[in-house]
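**Q** pasting the sequence and the predicted model now:
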Amino acid sequence: MSLITAEGISLKYATNTVLKDVSLTINKGEIVTVIGPNGSGKSTLLRALLGAIQPASGRIMRKPDLRIGYVPQRLMIEANMPLTVRRFLSLPKRHSASEIAEMLARVGVSGLETSQLTQLSGGQFQRVLLARALLGKPEILMLDEPTQGLDQPGIAGFYQLLETVRREIGCAVLLVSHDLHVVMSTSDRVICLNGHICCEGTPHVVSEAPEYRALFGDGTHGTMALYQHAHNDHCDHEHNNEGQTHAG
Amino acid sequence: MLDDFLIRAMLAGVGLSLATGPLGAFVVWRRMAYFGDATAHAAILGVALALGASLPLYLGILIVAFAMALVVSVLAGRGHAMDTTLGVLAHSALALGLVTVSFVSGVRVDLSAFLFGDILAVSRMDLLVIWGGGLLVLAGLVWRWSPLLTATLSEDLATASGLNPKREQLLLTLALAVVVAMSIKVVGALLIVAMLIIPAAAARGLSKTPEAMAILAVLIGIAASIGGLFASLQWDTPAGPSIVMAASAVFTITAVMNK
């Protein structure tokens, strides 16, 4: 069943076309990663899919009352707004103290309930954002470069956590990243974006695609291995796969 | 009891604070100070409109303040570098209002009452408007509290949660116009924003949650109203500015306490 479908959408900022003729479908339980260089329109696409901006043309269909768990790239907290983690996790819907404690433990930051949001470290903050997204029992998690500003162990830890919780709740995942080496090894599909969809397929197919190499160069093989090795224990996806590529 | 002008003045201050506390918190969180200024200054134009068209005073102010708030709200949504435009609007609205009032013939208007308020001259009818408006704004903010907070934190987060941030923004815009209309007789067009910002800012340092900050802002607003009124009686100073000064004093104390 499809959760979100975009049909031939174009997105504009003022008169600048950021994306054109993008079509994609995200199905229930599917893990899709969107990669592309800075300025390729990834974040814009994500914001359009969640409904924050309207496409200039084409259309977006969401399953009625789709529960979206959104983890933004960063969240500026106005210094004049006092906000504890507990209160933040209950916005906009209230959750019980035990639900909150349980979720914080699940994402590895137990006991932060009474901390002010502005006092958290980068890694804690991202986990709290993830906790808030998960508390809404999402059918799809949408993450916009959720590890920006974290160090290597922080990044690896965050994605391991993401894979674990996603296995447990089985929601779909739409992840935006600027780098193929943080693509989840379990991605069903990778979409390579640069103003339009350059190519798509399994992580392996995309990394071999000429369109991808033209964008990112050949040197990414090593870095990509870095992440996939971290998950060798269950990294058994096929290497003779059937992804398709579109001419750029 | 309501025959006593001092009791009426105090009740006016309390009624106003019920609305300015929580609304002021949003003005601080959303950095809407200029937005508030533009709306408040437009109130003078509303006075001119009401006098010229023989409308009830409050209605004239409400219409013009809401129109101004809408314009500013649309402009502010266009980009971040709106500071200058908002400043131009705020002061132009004030100047235009003052000029327009001078054209309204026949009536001698005591402008200073509208610019600085005249809380000691508040009538029973005014009290009704102030408490009606105050409770209305308070009820609206309480009703939409969580969605408003979420939208203030991040429009994208709010959208992802199935909310409409534009609608929440509209509610704040409307609330601001109501507060401007009801407070013009209390503190006047020039000091309305002070009553929004100062109690909320004073409450900030003492609060751990948004709710605590809003409630504390109400209490500080009430304390400043009553304290300012007594100071005004004691030293024969203008009431509106004295109330604002009392609020500033609380702000200074909490700021020092937090150092």
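**A** On my side now, so go ahead. Numbering: from 1, shown residues only, chains lettered A, B, ... in the order given.
**Q** from now on I want contacts and neighbour counts done on CA atoms only, so please keep to that.
**A** Will do.
**Q** for residue A:187, give me its contacts.
**A** By Cα atoms under 8 Å, 6 or more residues apart in numbering or on different chains, the contact set of residue A:187 is A:30-33, A:202-203.
**Q** taking the stretch 1-150 of chain B, what residue is nearest to chain A?
**A** residue B:146 (5.0 Å; Cα to the nearest Cα).
**Q** can you give me the neighbour number for that residue?
**A** 17 (other Cα atoms under 10 Å in any protein chain shown).
**Q** how about it: what's its closest non-neighbour residue?
**A** residue A:92 (5.0 Å; Cα to Cα, 6 or more residues apart in numbering or on different chains).
**Q** what about the one you found, which SS state?
**A** At residue A:92 the chain is in coil, as set by DSSP: H, G, I helix; E, B strand; the rest coil.
**Q** swap in residue A:23?
**A** strand.
**Q** that one contacts residue A:8, correct?
**A** Yes. The pair formed by residue A:23 and residue A:8 meets the contact definition of Cα atoms under 8 Å, at 4.9 Å.
**Q** any chance of the contacts of residue A:187 in CSV, plus secondary structure and neighbour count?
**A** As requested, these are exported to CSV (DSSP: H, G, I helix; E, B strand; the rest coil; neighbours: other Cα atoms under 10 Å in any protein chain shown):
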residue, secondary structure, neighbour count
A:30, coil, 20
A:31, strand, 23
A:32, strand, 27
A:33, strand, 27
A:202, coil, 23
A:203, helix, 27
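**Q** can you put those in JSON lines and add pLDDT and distance to residue B:161?
**A** As requested, the contacts of residue A:187 are exported to JSON lines (pLDDT from 0 to 100; distance: Cα to Cα, whole Å):
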{"residue": "A:30", "pLDDT": "91", "distance to residue B:161": "21"}
{"residue": "A:31", "pLDDT": "90", "distance to residue B:161": "21"}
{"residue": "A:32", "pLDDT": "92", "distance to residue B:161": "21"}
{"residue": "A:33", "pLDDT": "91", "distance to residue B:161": "22"}
{"residue": "A:202", "pLDDT": "81", "distance to residue B:161": "30"}
{"residue": "A:203", "pLDDT": "78", "distance to residue B:161": "30"}
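**Q** turn those into JSON lines, columns for distance to chain B.
**A** JSON lines is the format used below for those (distance: Cα to the nearest Cα, whole Å):
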{"residue": "A:30", "distance to chain B": "19"}
{"residue": "A:31", "distance to chain B": "18"}
{"residue": "A:32", "distance to chain B": "18"}
{"residue": "A:33", "distance to chain B": "19"}
{"residue": "A:202", "distance to chain B": "27"}
{"residue": "A:203", "distance to chain B": "27"}
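**Q** are we agreed that residue B:197 is in a helix?
**A** Yes. Counting by three-state DSSP, residue B:197 is found in a helix.
**Q** so it sits against residue B:34, correct?
**A** No. The pair residue B:197 and residue B:34 fails to qualify as a contact (Cα under 8 Å) at a distance of 11.0 Å.
**Q** so for the two, which residue has more residues nearby?
**A** residue B:197 (27 against 21).
**Q** isn't the residue nearest to residue B:146 right up against residue B:147?
**A** Yes. Counting by Cα under 8 Å, residue B:147 is a contact partner of residue A:92 at 5.7 Å.
**Q** from chain B, how far out is residue A:159?
**A** 21 Å (Cα to the nearest Cα, to the nearest Å).
**Q** let me fix that: residue A:131
**A** 13 Å.
**Q** can you tell me the helix or strand for that residue?
**A** Secondary structure assigned from DSSP states H and E places residue A:131 in helix A:122-135.
**Q** quick one: average pLDDT of that helix?
**A** Per-residue pLDDT over helix A:122-135 has a mean of 93.
**Q** same check, this time on stretch B:237-246
**A** Stretch B:237-246 comes out with an average pLDDT of 93.
**Q** check stretch A:72-79 too.
**A** On average, stretch A:72-79 scores 88.
**Q** how far off centre is that stretch?
**A** Offset of stretch A:72-79 from its chain centre (Cα atoms, centre = their mean, to the nearest Å): 17 Å.
**Q** now the terminal residues of it, how far apart.
**A** Length of stretch A:72-79, first residue to last, Cα to Cα, to the nearest Å: 19 Å.
**Q** residues in chain B within reach of chain A, list them.
**A** B:28-29, B:146-147, B:149-150, B:153-162, B:201, B:204, B:207-210, B:213 (Cα under 8 Å from any Cα of the partner chain).
**Q** helices of chain B, residue ranges please.
**A** B:5-29, B:33-52, B:57-76, B:83-103, B:111-116, B:124-143, B:145-153, B:155-160, B:165-183, B:192-204, B:210-235, B:239-257 (DSSP state H).
**Q** low pLDDT regions in chain A?
**A** A:1, A:179-185, A:217-248 (pLDDT under 70).
**Q** point me to the residue sitting farthest from the middle of it.
**A** For chain A, the residue at maximal distance from the C-alpha centroid (Cα atoms, centre = their mean) is residue A:80, at 29.3 Å.
**Q** I'd guess that residue is in a strand, am I close?
**A** No. Applying three-state DSSP, one finds residue A:80 to be coil, outside a strand.
**Q** quick one, phi/psi of it?
**A** Per-residue torsions, residue A:80: phi -90, psi 0 (degrees, to the nearest 10).
**Q** my guess is it contacts residue B:204, does it?
**A** Yes. The criterion here is Cα under 8 Å, and residue A:80 meets it with residue B:204 at 6.4 Å.
**Q** if we can go back for a sec, ok, now which ones touch the residue nearest to residue B:146?
**A** B:146-147, B:149-150, B:158, B:161.
**Q** what is the end-to-end distance of stretch A:174-194?
**A** Start-to-end, stretch A:174-194 (Cα to Cα) is 17 Å.
**Q** do stretch A:25-34 as well
**A** OK, stretch A:25-34 end separation, Cα to Cα: 12 Å.
**Q** residues contacting that stretch, please?
**A** A:1-6, A:42, A:139-140, A:170-177, A:183-184, A:186-193.
**Q** ok, stretch B:237-244 next?
**A** Residues contacting stretch B:237-244 (Cα under 8 Å, 6+ apart): B:116-120, B:186-188, B:191, B:194-195, B:198, B:224-229, B:231-232.
**Q** show me what counts as buried in it.
**A** Neighbour-count burial for stretch B:237-244 flags B:238-244 (criterion: 16 or more other Cα atoms under 10 Å in any protein chain shown).
**Q** for those, which one is nearest chain A?
**A** residue B:244 (20.3 Å).
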